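Student: the following block contains a protein sequence and its predicted model.
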Amino acid sequence: MKKVSFLLALLVCFGLSAQDKKAYQLFDKKGKKVTYEKLLKAAEKAQVVLFGEYHNNSVVHWLQLELTKDLAEKKPLVLGAEMLEADNQKQLDQYLKGEINQKQLDTTARLWPNYKTDYKPLVDFAKENKLPFIATNIPRRYASMVSKKGFEALETLTSEEKSWIAPLPIAYDENLPGYVNMMKMMGDHTSPNMPKAQASKDATMAYFIQKNLKPDSIFIHYNGTYHSDNFEGISWYLNRNEPNLKIITIATIEQEDLEKILPEEYNKADYILVIDEDVTKTH
């Protein structure tokens, strides 16, 4: 009877296990499954964490917040994001200091449509814990200038306007696979200035990350995964400017199978976050 009871209990456990549903799975750059704890330990040793996201994925935004909270218990943090443009740093600082409220921030800064659901929790965490939050991205209007007229257009900016972008001239390697693939994806009639506009964003984000690094601290940066995939984009500029910087990159992909990733996804980042493709989108 005891044997029967044991076997029944075992079958129930296996049945429950089979019914478990995961929303995500982490892999290392070689395609091996890893735990969140391993990612956290690696991030603790880094100076910069580039957390690449899909902008509308609810799980990636949740995990960004969780990783930020856990790292904050280990080391001082500086937070930063692509979704906030450098010329809005003043308004962001005013909000962090309690000088303006959320409604005033909404009207004075150019916030993304999904700010309240996806990025406000991160900004509010910084506010509650008195952590710096850096608006790292180039103002969109200047990236638009580059897409139309190339980097030369940035030379026409005033001194104040130039303070919101990476120092000129901006280094650019048109042969980096990410920029080459961008040209391919956009078709034959795409202007060669389009990847330059992307580079102006990557360079500016890297510049403000590097500018705001603090000793014995971690800068955790939230950006679209394409801006740091394959150790290019922001990561390329950071390494170019400071080769010994300890950087951890996280890439995001969505797919049905959480048990393995295809070889083509290997080396996309130090850690690859695979999220169930059916996960709710925030917008």
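Tutor: Received, thanks.

Student: all contacts plus neighbour counts: C-alpha atoms, from now on.
Tutor: OK.

Student: gap between Met205 and Glu152?
Tutor: 19 Å (Cα to Cα, to the nearest Å).

Student: higher neighbour count, the two?
Tutor: Met205 (32 against 12; other Cα atoms under 10 Å).

Student: what sits against Pro76?
Tutor: Counting by Cα atoms under 8 Å, 6 or more residues apart in numbering, Pro76 touches Asp216, Ser217, Ile218.

Student: from those, pick the one nearest Lys38.
Tutor: Of all the contacts of Pro76, Lys38 sits closest to Ile218, with 16.6 Å by Cα to Cα.

Student: so where is the protein shaky, pLDDT-wise?
Tutor: Residue ranges of the chain with pLDDT under 70: 1-19.

Student: swap in 80 and give it another go.
Tutor: The chain contains residues with pLDDT under 80 at 1-20, 188-189.

Student: give me the number of neighbouring residues for the spatially closest residue to Asn193 that is not a sequence neighbour.
Tutor: Nearest residue to Asn193, sequence neighbours excluded (Cα to Cα, 6 or more residues apart in numbering): Ser147, at 4.8 Å. Neighbour count of Ser147, defined by other Cα under 10 Å: 20.

Student: again with Tyr172
Tutor: Tyr172: 15 neighbours (other Cα under 10 Å).

Student: so what's it up against?
Tutor: With Cα under 8 Å, 6+ apart, Tyr172 has these contacts: Lys196, Ala199.

Student: measure it to Glu264 for me?
Tutor: 25 Å.

Student: how deep is the closest residue to Leu176 other than its chain neighbours tucked in, by neighbour count?
Tutor: In space, and not counting its chain neighbours, Leu176 is closest to Glu232: 7.6 Å by Cα to Cα, 6+ apart. Around Glu232 there are 20 other residues, counting by other Cα under 10 Å.

Student: Glu232 touches Gly178, doesn't it?
Tutor: Yes - at 7.0 Å, Glu232 and Gly178 qualify as touching, with contact defined as Cα atoms under 8 Å.

Student: just to be sure, Glu82 is in a strand?
Tutor: Yes - counting by DSSP: H, G, I helix; E, B strand; the rest coil, Glu82 is located in a strand.

Student: so it makes contact with Phe133?
Tutor: No - assessed by Cα under 8 Å, Glu82 is found out of contact with Phe133, at 11.3 Å.

Student: settle it for me: which of those two has more neighbours?
Tutor: Phe133 (26 against 20).

Student: could the contacts of Pro76 go into CSV alongside neighbour count?
Tutor: Below are these laid out as CSV (neighbours: other Cα atoms under 10 Å):
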residue, neighbour count
Asp216, 11
Ser217, 19
Ile218, 26
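
Student: can I get the residues you listed in CSV including distance to Pro121 and secondary structure?
Tutor: Output for the contacts of Pro76, formatted as CSV (distance: Cα to Cα, whole Å; DSSP: H, G, I helix; E, B strand; the rest coil):
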residue, distance to Pro121, secondary structure
Asp216, 25, coil
Ser217, 21, coil
Ile218, 19, strand
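
Student: so which of these is the closest to Leu122?
Tutor: Nearest to Leu122 among the contacts of Pro76, with distances taken as Cα to Cα, is Ile218, at 15.1 Å.

Student: check contacts around the closest one.
Tutor: Ile218 sits in contact with Glu44, Ala46, Gln47, Val48, Val49, Lys75, Pro76, Leu77, Val78, where contact means Cα under 8 Å, 6+ apart.

Student: that one bridge partners, please.
Tutor: Under the criterion DSSP bridges, Ile218 forms beta bridges with Leu77.

Student: understood, closing this out.
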